[in-house]
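1. sequence-free structure coming up:
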């Protein structure tokens with residue numbers, strides 16, 4: 001049984017690795033990376049959030065997220081505003097919204113290819129199983 005669990009864990013990790021590589025490559029065609037696009041998605045979901053809130057939503061440390069959002073700010077895709085106290089709030093600029101929208105189209109096409117070997121029913125089952133495995137049954141929306 002333990003080797004079956006190891007094989008399962010490795011299969012999940014390999015699927016994630018394949019998706020990340022495919023997405024990162026595809027997103028380069030719209031001038032962004034997967035990490036940058038993921039940050040844009042997180043900011044879009046919760047405008048005005050702090051780096052402390054956005055970092056875990058993007059699977060980043062606060063320091064790594066700060067570096068990433070610094071690049072996005074320099075590219076004119078994110079605006080940082082002073083919030084309450086020392087809090088810095090993050091918002092998308094119109095340029096960031098355009099890159100996010102272009103990235104969504106690319107991601108939809110790329111992920112359709114990644115999951116092409118599964119039927120709609122298989123994809124629904126896989127999503128259900130992964131949501132149960134991840135705890136509360138919910139996955140952050142794209």
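-> That came in fine, so what should we check first? Small disclaimer: the values here were computed from a predicted structure and weren't measured.
2. okay but residue 41 is in contact with residue 101, surely?
-> No: Residue 41 lies out of contact with residue 101 (C-beta atoms under 8 Å); the separation is 10.9 Å. Glycine gets a C-beta too; all of them are placed from N, C-alpha and C.
3. OK, contacts around residue 39?
-> By C-beta atoms under 8 Å, 6 or more residues apart in numbering, residue 39 lies in contact with 54, 58, 60, 65, 68, 69, 72, 78.
4. Just the ones in strands from those residues, please.
-> residue 78 (DSSP state E).
5. Next, the contact list for the most centrally placed residue in the chain, please.
-> Geometric centre of the chain, nearest residue: residue 38, 3.4 Å, by C-alpha atoms, centre = their mean. Applying C-beta under 8 Å, 6+ apart, we find residue 38 in contact with 58, 59.
6. picking that back up, just flag the most distant two among the contacts of residue 39.
-> 60 and 78 (14.0 Å; C-beta to C-beta).
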